[in-house]
Structures are given as structure tokens and as C-alpha cells.
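# got a sequence here, can you model it:
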Amino acid sequence: MTVRFLAELVFPGVPSAVPAARHCVSNVLRAAGHRDTTGVQLVVSELVANALMHSVSGLAGGLIIVDVRAIGDGIARIDVMDDGGLTVPRMRQPSDMDSSGRGFHIVEATALRWGIGDNALGGRAAWAEVLTTDDSTLDMSSAPACATV
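Okay, the predicted model is just below:
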């Protein structure tokens, strides 16, 4: 299958990076012909939020890099790279009372494949491959343009 690089997006390590990354990745994929970006948006939100919460990227001056690739015409590969941290990301079993800890479960339920590893710059990379072939029911007309981020 053909893998095409579509974009590298850089976001500051602040909470507003989560919706900005979600919308920008969706816009990039739609411009490349991918019809349904709903699952990708969910995965991007979870991976970027996790990078902010559990890595040095969430501290002052931190950055998060999101690479977007197309695998054929119906799969998107998203790589979210952060500046690393003191803990190793892992799936956990939150209790019903926990307000966090479900992100990797959501990614696993949404993605075809996913994983976490170290990147060449000493940080981490979380990646996921998500189908983009179903017709989307999401109305993107109100989404902010990437140029305004």
C-alpha cells in the first residue's frame, strides 16, 4: 500500500492544542480526500491530551508534533510526538470513580493498530492507524481553520 506524507503540525504544549490538533488533522485529511475523520479526531484528541498530561511537553515551552500520513485512500496514520517524561505510557484500568485513565482504551477501540515508542529526539511517539472510509456525519463547517491556530 502507498503511504503518503501529508503534514507535520507543531503545537505549543497548552490545553488549546487538543482541539486545534483535532481540527487541523481533520482538515488535512479531508483536503487529501478522506471522507470520515471522526475516528481520527477522537484518537488525536486522546493522544495529544495524553502527551500534555504525562510528558514534559505540557510544561512551559513544551511542544507537540503531529505527523499525518495517508495509507492508501482509506487509512490515516497519526504520530503524536512529545518531549518525553519520567513515566512510561501504559494502558491502565481506572476505577469507575477515576476521572481519567481511559484514553488508551478509547484509542484501542477506535484504531486498527496503535502503539507507543521512543522517538529519535529523546521523546516519545504514540501512533495510530484509523479507517477514514465511512461517510462522515460530522459537520466541519464550524471548525476553526488551521491558519487561525
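# please make it C-alpha for all contacts and neighbour counts, starting now.
OK.
# contact partners of the worst-scoring helix or strand of the chain on mean pLDDT?
Least confident helix or strand, the chain: helix 103-110 with a mean of 81, by mean pLDDT, DSSP states H and E. With Cα atoms under 8 Å, 6 or more residues apart in numbering as the test, helix 103-110 has contacts from 39, 42-43, 46-47, 50, 90-91, 114, 128, 130.
# which of these fall within helices?
39, 42-43, 46-47, 50 (DSSP state H).
# which two of these have the greatest separation?
Of all pairs drawn from those, the greatest distance, 16.7 Å, lies between Gly39 and Asn50 (Cα to Cα).
# list the contacts for Gly123?
81-85.
# run the last query once more with 6 Å
82-84 (Cα atoms under 6 Å, 6 or more residues apart in numbering).
# quick check: Val66 is in a strand.
Yes. Secondary structure of Val66 (DSSP: H, G, I helix; E, B strand; the rest coil): part of a strand.
# which residue comes closest to it once chain neighbours are left out?
Among residues not flanking Val66 along the chain, Val80 sits closest, at 4.6 Å (Cα to Cα, 6 or more residues apart in numbering).
# neighbours of the one you found, just the number please.
Using other Cα atoms under 10 Å, the number of residues around Val80 comes to 24.
# return the set of buried residues in stretch 57-70.
Buried positions in stretch 57-70, judged by neighbour count with 16 or more other Cα atoms under 10 Å: 57-58, 62-70.
# of these, closest to Ala21?
The shortest approach to Ala21 among the buried residues of stretch 57-70 belongs to Val66, at 7.6 Å (Cα to Cα).
# now do the phi/psi pair for the nearest residue to Ser55 once chain neighbours are set aside.
In space, Ser55 comes closest to Gly85 once its chain neighbours are excluded; the distance is 4.3 Å by Cα to Cα, 6+ apart. As for Gly85, its main-chain torsions (degrees, to the nearest 10) stand at phi -160, psi -170.
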